[in-house]
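Novice: Quick one, what's the 3D model for this:
(chains A, B, C and D)
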Protein chains: 2
Amino acid sequence: MSRRSAKTTSKAQPFGVPFLLSQVGAHVAGCFAERIAPLGLRPYHAGILGVLSHNAGITQQALSDLLGMFPSRLVGLLDDLGKANLIERRASPSDRRTYALHLTKGGRDALAKIGKLATQMQEDICAALSEKERAALADMLNRIVDQQKITPGVHPGYRRMDGACGEEESRPAKR
Amino acid sequence: MSRRSAKTTSKAQPFGVPFLLSQVGAHVAGCFAERIAPLGLRPYHAGILGVLSHNAGITQQALSDLLGMFPSRLVGLLDDLGKANLIERRASPSDRRTYALHLTKGGRDALAKIGKLATQMQEDICAALSEKERAALADMLNRIVDQQKITPGVHPGYRRMDGACGEEESRPAKR
DNA sequence: TATTGTTATACTCTATAACTATA
DNA sequence: TATAGTTATAGAGTATAACAATA
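Specialist: Okay, here's the model as predicted:
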């Protein structure tokens, strides 16, 4: 194609799919972080709101399990969301040690805003692709998610990097 | 273990391309980190080796510019690579303040190992895709890289998050 | 005076451990 | 005794500032 001006950049190199995925993924994540910053939120917060919308009433323990993060790390994030009145910790009648996590009205509103923002981002990020290609890209990525046994809708960024990668089939419930 | 049985994951949801890209990208990055760990390297190190292979003799200042990171942050990474005898800082005859960065034989060997490892990873990550699809995916990602003005071969992970995202056309050379 | 590379410092983030209150 | 949630502590990682040598 068109060669770029001299600059320090390298010439057209055959970068592999893994590098491209990681590169574009990091770029997208950075863009997303920038765009939700005005809402007073960080990507971690947004991800939790999303998970809560599909898992109403989940406990903190179960949520930290699902996200693959330490419970102690979750506390601060939930505190943030609580202070912003986006979630509430409802006391559980059966077991008074646990809280049931729920989105508030404000939380659902925030999530809707994030959704619009994500739609806009898709438009920007995929500007170089046709409608058909975007669908094909989404389909391929979904199949990778499935084949790699990534939990749908859960971002690996929460995960503590122990043994999250492929290699073996064993997934010994991590305890 | 009553709570783990319910499989708290959400049902099939329409996750957008940006989320999928970020999700898969983070997964791939984690896998890559795991796989190069036995070489005593982290992704940052590998990325620098790759950049140096196409920019032999670059100065630290120019490299930190290219990567978008603070020079002081670069020092430690180059120290690591130097201690492992993968790069060398050659004294510059014209300007004795600067060093010219070069890969050593060991550095080129390490880079070759990383390349094989990346090829293997591509096989694993793309297991769900046909050859044709892999090519289509790479092509689409390359076009996104181009359209989003991401520097080819440079991972955004180095970048300090100031204003790296799209929005405007202005790119005021960031001094 | 400005610039390159380096060191020093402060701040953020996260993992681990200790604690409480329930069970 | 074990578990849910929290708090405390410590370690890693990074941004900023200050510095010495050279231009």
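
Novice: Look up how far B:Leu49 lies from the residue nearest the centre of chain A.
Specialist: Nearest to the mean C-alpha position of chain A, by CA atoms, centre = their mean, lies A:His155 at 3.5 Å. Distance, A:His155 to B:Leu49, using CB to CB, to the nearest Å: 28 Å. C-beta coordinates here come from the backbone N, C-alpha and C atoms, glycine included.

Novice: A:Arg42 is in contact with the residue nearest to the centre of chain A, correct?
Specialist: No: taking contacts as CB atoms under 8 Å, A:His155 lies outside contact range of A:Arg42: 12.0 Å.

Novice: in stretch A:53-65, what's buried?
Specialist: A:53, A:55, A:58-60, A:62-65 (16 or more other CB atoms under 10 Å in any protein chain shown).

Novice: quick one: it to chain centroid distance?
Specialist: Distance of stretch A:53-65 from the chain centroid (CA atoms, centre = their mean, to the nearest Å) equals 15 Å.

Novice: same question, stretch A:121-137
Specialist: With CA atoms, centre = their mean, you get 19 Å for stretch A:121-137.

Novice: does chain B sit close to it?
Specialist: Yes: Stretch A:121-137 lies within reach of chain B by CB under 8 Å from any CB of the partner chain, at A:121-122, A:124-129, A:133-134, A:136-137.

Novice: Selecting buried members of these in ChimeraX, what would you type?
Specialist: Restricted to buried positions by 16+ other CB under 10 Å, the ChimeraX selection for the residues of stretch A:121-137 next to chain B reads:
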select /A:121,122,124,125,126,129,134,136,137
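
Novice: Any chance of CSV for the residues of stretch A:121-137 next to chain B, columns pLDDT, secondary structure and distance to A:Gln147?
Specialist: Converted to CSV, those look like this (pLDDT from 0 to 100; DSSP: H, G, I helix; E, B strand; the rest coil; distance: CB to CB, whole Å):
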residue, pLDDT, secondary structure, distance to A:Gln147
A:Met121, 98, helix, 25
A:Gln122, 98, helix, 23
A:Asp124, 98, helix, 28
A:Ile125, 98, helix, 23
A:Cys126, 98, coil, 23
A:Ala127, 98, coil, 28
A:Ala128, 98, coil, 26
A:Leu129, 98, coil, 22
A:Glu133, 98, helix, 21
A:Arg134, 98, helix, 20
A:Ala136, 98, helix, 16
A:Leu137, 98, helix, 16
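
Novice: Also near DNA strand D: which of the residues of stretch A:121-137 next to chain B, exactly?
Specialist: Counting by CB under 7 Å from any atom of the strand, the subset of the residues of stretch A:121-137 next to chain B that neighbours DNA strand D is empty.

Novice: ok, which stretches of chain A are strands?
Specialist: A:87-91, A:99-103 (DSSP state E).

Novice: who in chain A is up against DNA strand C?
Specialist: A:44, A:69-70, A:72-73, A:76, A:95-97, A:160-161.

Novice: In helices only, show me the buried residues of stretch A:53-65.
Specialist: Using DSSP state H, the subset of these located in helices is A:53, A:60, A:62-65.

Novice: burial of the residue in chain A positioned nearest to chain B, as a residue count?
Specialist: Residue of chain A nearest chain B, by CB to the nearest CB: A:Gly25 (1.4 Å). Other residues near A:Gly25 come to 29 when the count uses other CB atoms under 10 Å in any protein chain shown.

Novice: Helices of chain A, start to end?
Specialist: Going by DSSP H, chain A shows helices at A:17-36, A:43-54, A:60-67, A:71-83, A:105-125, A:131-147.

Novice: Which residues outside the longest one are in contact with it?
Specialist: Taking contacts as CB atoms under 8 Å, 6 or more residues apart in numbering or on different chains, the residues outside helix A:105-125 that touch it are A:28, A:31-32, A:35-36, A:39, A:41, A:46, A:49-50, A:52-53, A:81, A:84-87, A:103, A:134, B:16-19, B:21, B:144, B:148, B:166.

Novice: Among the residues you listed, name the buried ones.
Specialist: Among these, those scoring as buried are A:28, A:31-32, A:35-36, A:41, A:46, A:49-50, A:52-53, A:81, A:84, A:86-87, A:103, A:134, B:16-19, B:21, B:144, B:148, B:166 (criterion: 16+ other CB under 10 Å).

Novice: Of the strands of chain A, flag the one that's most buried.
Specialist: Greatest average neighbour count among those goes to strand A:99-103 (a mean of 19), per mean count of other CB atoms under 10 Å in any protein chain shown.

Novice: ok, and does that strand reach over to DNA strand D?
Specialist: Yes: residues of strand A:99-103 are located near DNA strand D by CB under 7 Å from any atom of the strand, namely A:Tyr99.
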